[in-house]
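Q: the following comprises the amino acid sequence and a computationally predicted model.
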Number of protein chains: 2
Amino acid sequence: MPLTIQNVIDELRSSVPTINNTVDILMAGQPDTEVRGIAVSFMPTQQVIEEAITKGANLLITHEPLSYSHRHDDKLVENDQVFLKKQQLLEDSGIAVFRYHDYCHQKQPDIIMTGLLEALEWEANLVEMLSIAAVLEFSSMTVSDVAAHVKQKLGMPFLRITGDLSTPCSRAGILVGYRGGASTAIPLMREHNLDLLIVGEGPEWETPEYIRDAAHQGANKALLTLGHAESEEPGMRALSEELRQKYPDVPVSFIPIKPIFQIV
Amino acid sequence: MPLTIQNVIDELRSSVPTINNTVDILMAGQPDTEVRGIAVSFMPTQQVIEEAITKGANLLITHEPLSYSHRHDDKLVENDQVFLKKQQLLEDSGIAVFRYHDYCHQKQPDIIMTGLLEALEWEANLVEMLSIAAVLEFSSMTVSDVAAHVKQKLGMPFLRITGDLSTPCSRAGILVGYRGGASTAIPLMREHNLDLLIVGEGPEWETPEYIRDAAHQGANKALLTLGHAESEEPGMRALSEELRQKYPDVPVSFIPIKPIFQIV
């Protein structure tokens, strides 16, 4: 029996109760199409879609949306030349694009988190896996040491740091994606007695300002902001490896993206 | 008649219709206190409050909140050691802290925008002042040129850029603060035929990804992300100058903050 796109979607959604109003939808393509090749990426950029097509994939699985908004908003992109060109590419090629976001974060453990821990080679440092965060312990590490390690393991050209580079950190919390906002980050730091938060992104006037105040008061607190994609891409890479094992007869490729910001 | 804190608040709110449910509240202190000195800053950090007290101010006016959230949330900071220390400093010193946010953005022109244009020496480049954005025209400028100009005029150690540094830009839009999100930035860029957006901050998967797609498609589109504080602090500095002229008998000082991120 041929493997269809719906079969892959069902597999990705398995072992998680149905999520109502999920963003995990088929953003392009038809569910009954036979899967000839799968590409996985963090973001369905124009370039990623082109590369997926070149690699022969007819199903692209991404963590984030096509249309620059967490939920598709027709008004945002209607008659927009950039989005129209992207849609044209999708239509001309017939490639399907499925978003795998809510179901992967809901699955425990979340592959986005375990994929990041694996890429950072920090599995042995994990002391507690919470539903939305990981708590780690380090011995004799400063913020500067942790930053250097993260940059090297994730191949990142730069990192954003709040707090002092010399701050010793024995307990760190990781919050991927947009979970770096105050409502998640501040209670996590307080309740788990953390010195260091490592986040994807969040509003600048929230958690970073909390850290600034704490550091000025003399507390050992610091924040590493990785970037949204940098914090979640390793998990999508891990997903591509899982799919490769699950579907040995289907070519599965992973397409990395470049950092969204260049620092000048 | 002595000048009270309420007098200053009334002045700041004048010429704007009442805003319901505003965040522009007295976050600390009493309205009937006589004003002995005013300090103005973008953010009421622990350090800024200390400096305001040292300068003899008993009224601190800031654009952003004390408690790391756009609207104060008791649950976020109750029994939080960092916030408790900050509250203790406010109580011990008796300094009042007023937030000037909604009323200044509502006033037209918005001093946060005109203060930024003045700091950038771009008043002559302004072609249209919209309620939430400014549209500028340049001749023979690339993104790289604009970035160098912005860094120099604002004294910034770094800038985040999306798109190509060599992109020519003749029409640019400025969106201060958190207005860099897709819902404001994408329609602005489309409807005003802009090459360049200059924003405070916004979610990374929104406007930056739109720019990435546009640039990959060959369009002349780029984005400079200044940082939230960097985009709004010049306006608060301009406010301090206005207050100095309005109240010649009251000492008025401006307290700058350091960049919230260090790049390593």
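A: Ah, there it is. Numbering: from 1, shown residues only, chains lettered A, B, ... in the order given.

Q: C-alpha only now, for contacts and for neighbours.
A: Noted.

Q: how distant is the helix or strand containing residue A:183 from the center of its chain?
A: Element membership for residue A:183, per DSSP states H and E: helix A:182-191. For helix A:182-191, the gap between its own C-alpha mean and the chain's C-alpha mean amounts to 20 Å (CA atoms, centre = their mean, to the nearest Å).

Q: against which helices or strands is it packed?
A: Applying 3 or more CA pairs under 8 Å, 6 or more residues apart in numbering or on different chains; DSSP states H and E, one finds that helix A:182-191 contacts strand A:171-175, strand A:196-199, helix A:207-216, helix B:74-77.

Q: hmm, who's touching it?
A: Applying CA atoms under 8 Å, 6 or more residues apart in numbering or on different chains, the external contacts of helix A:182-191 come out as A:173, A:175, A:179, A:194-197, A:202, A:206-207, A:210, B:68-69, B:76, B:80.

Q: mind doing that once more with 6 Å?
A: By CA atoms under 6 Å, 6 or more residues apart in numbering or on different chains, the list of residues contacting helix A:182-191 from outside reads A:206, A:207.

Q: same question for stretch A:152-164.
A: Against stretch A:152-164 from outside (CA under 6 Å, 6+ apart): A:120, A:212, A:215, A:222, A:223, A:224, A:225, A:226, B:261, B:262, B:263, B:264.

Q: domains for chain A, by residue range?
A: By the assignment in automatic domain parsing, chain A contains the domains A:5-106, A:111-229.

Q: can you list those domains in a markdown table and add mean pLDDT and mean neighbour count?
A: Shown next, in a markdown table, are these (pLDDT from 0 to 100; neighbours: other CA atoms under 10 Å in any protein chain shown):
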| stretch | mean pLDDT | mean neighbour count |
| --- | --- | --- |
| domain A:5-106 | 97 | 19 |
| domain A:111-229 | 98 | 20 |
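
Q: let's have those in TSV, adding distance to residue A:248.
A: Listed next are these as TSV, based on distance: least, CA to CA, whole Å:
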stretch	distance to residue A:248
domain A:5-106	11
domain A:111-229	20
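
Q: quick one on the thing from earlier: which one of the contacts of stretch A:152-164 is nearest to residue A:87?
A: Taking CA to CA as the measure, residue A:87 sits nearest to residue A:226 out of the contacts of stretch A:152-164, at 30.2 Å.

Q: show the contacting residues for the nearest residue to that closest one once chain neighbours are set aside.
A: Nearest residue to residue A:226 in three dimensions, chain neighbours excluded: residue A:200, at 5.1 Å (CA to CA, 6 or more residues apart in numbering or on different chains). Contacts for residue A:200 (CA under 6 Å, 6+ apart) come out as A:176, A:177, A:178, A:225, A:226, A:227, A:228, A:231.

Q: ok, now residue A:176?
A: Residue A:176 touches A:199, A:200, A:231, counting by CA under 6 Å, 6+ apart.

Q: ok, now with 8 Å
A: Residues near residue A:176 by CA under 8 Å, 6+ apart: A:112, A:113, A:133, A:198, A:199, A:200, A:201, A:228, A:231, A:232.

Q: next one: residue A:107
A: A:15, A:16.

Q: measure it to residue A:46 for me?
A: Going from residue A:107 to residue A:46 by CA to CA, to the nearest Å gives 29 Å.

Q: now do the helices in the stretch 1-150 of chain A.
A: Assigned helices in the stretch 1-150 of chain A, in chain order: A:5-13, A:46-54, A:74-77, A:81-93, A:102-106, A:111-119, A:143-154 (criterion: DSSP state H, counting those that start in this stretch).

Q: right, I'll call it a day here.
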